[in-house]
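In: Sequence and predicted structure, then a few things I'm wondering about:
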Amino acid sequence: MKRMLTIGIVVLAVAVVASSPLWAFRMLQNTAVGRVSAGYLVTCNDPGGFTHWANANISWRLNTSGQGAGKDGALQNALASWRNVTSANHNPTYAGTTTAGWATDGINTMLFAKGNGCSGTCLALTALVLQSGQVIVETDVTYNSRYAWNTNGSNIDTESIMAHELGHTLGIHHTTVTGATMVGGYSGGTGPRTLEADDNAALQCSQSRYPV
């Protein structure tokens, strides 16, 4: 039975995710039209398909209010991690700053705020705006500002969590592979900054099924 789960990441006191074989990644399936923040975990060949972009070039903007100031380098590095996946043509880029927020406005926005459906142990949450056919046309990511966000490698590491949430914005759900960027819980450190083979395979899966 498929499970629909929120597309975000939570903070864990210790790592509790068991090691799994490669290609444990799951794609994000949601056939609704409009703004969603949850989806089913499905395999790459699921007959129902999964969320995906129809174009390769995806530009991102950073809201610098609150803790957003000084986070542009972290965002650019996280974008580069996904842009550099071999055998995938997705081209997520940094387009500068914005005052836009958590709204369906045609702008792919990263922002730091309280609320927006992300509270308690939730570190960050992604919203996708979908058209018919599970085509992604916009995404926003909200980072829980009740936590302290750092860029120097200490917790909470901004680049690590941005890399994870960007995976969601590309239609990727969670994996159970220890050390992979798309594991659903964060227990500290900078490990998620670097994509693992399982993460790369997820984006390659999207490229293979829905070429951009």
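Out: Done, it's in.

In: so who does Thr86 touch?
Out: Residues counted as contacts of Thr86 (C-beta atoms under 8 Å, 6 or more residues apart in numbering) are 200, 204. Heads up, the C-betas are built off the backbone N, CA and C, glycines and all.

In: For it, pull up the helix or strand it's in.
Out: Of the helices and strands defined by DSSP states H and E, none includes Thr86.

In: Show me where this structure has its strands.
Out: Assigned by DSSP state E, the chain shows strands spanning 4-6, 8-11, 27-29, 34-36, 38-42, 52-53, 57-63, 91-98, 109-113, 122-131, 135-144, 185-186.

In: In JSON lines: these, plus mean neighbour count, mean pLDDT and distance to Ala163.
Out: Listed next are those as JSON lines, based on neighbours: other C-beta atoms under 10 Å; pLDDT from 0 to 100; distance: least, C-beta to C-beta, whole Å:
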{"stretch": "strand 4-6", "mean neighbour count": "15", "mean pLDDT": "82", "distance to Ala163": "18"}
{"stretch": "strand 8-11", "mean neighbour count": "22", "mean pLDDT": "85", "distance to Ala163": "10"}
{"stretch": "strand 27-29", "mean neighbour count": "25", "mean pLDDT": "98", "distance to Ala163": "16"}
{"stretch": "strand 34-36", "mean neighbour count": "15", "mean pLDDT": "98", "distance to Ala163": "21"}
{"stretch": "strand 38-42", "mean neighbour count": "21", "mean pLDDT": "97", "distance to Ala163": "19"}
{"stretch": "strand 52-53", "mean neighbour count": "22", "mean pLDDT": "98", "distance to Ala163": "17"}
{"stretch": "strand 57-63", "mean neighbour count": "20", "mean pLDDT": "98", "distance to Ala163": "13"}
{"stretch": "strand 91-98", "mean neighbour count": "15", "mean pLDDT": "98", "distance to Ala163": "11"}
{"stretch": "strand 109-113", "mean neighbour count": "23", "mean pLDDT": "98", "distance to Ala163": "12"}
{"stretch": "strand 122-131", "mean neighbour count": "22", "mean pLDDT": "98", "distance to Ala163": "11"}
{"stretch": "strand 135-144", "mean neighbour count": "23", "mean pLDDT": "98", "distance to Ala163": "11"}
{"stretch": "strand 185-186", "mean neighbour count": "20", "mean pLDDT": "94", "distance to Ala163": "11"}
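
In: Can you add distance to Asp72 and give the ones you listed back as CSV?
Out: Listed next are the strands of the chain as CSV, based on distance: least, C-beta to C-beta, whole Å:
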stretch, distance to Asp72
strand 4-6, 27
strand 8-11, 21
strand 27-29, 26
strand 34-36, 25
strand 38-42, 28
strand 52-53, 23
strand 57-63, 6
strand 91-98, 7
strand 109-113, 10
strand 122-131, 17
strand 135-144, 14
strand 185-186, 21
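
In: Select, out of those strands, the one closest to Ala201.
Out: Closest to Ala201 of the strands of the chain, according to C-beta to C-beta: strand 27-29, at 10.8 Å.

In: Great, nothing more from me.
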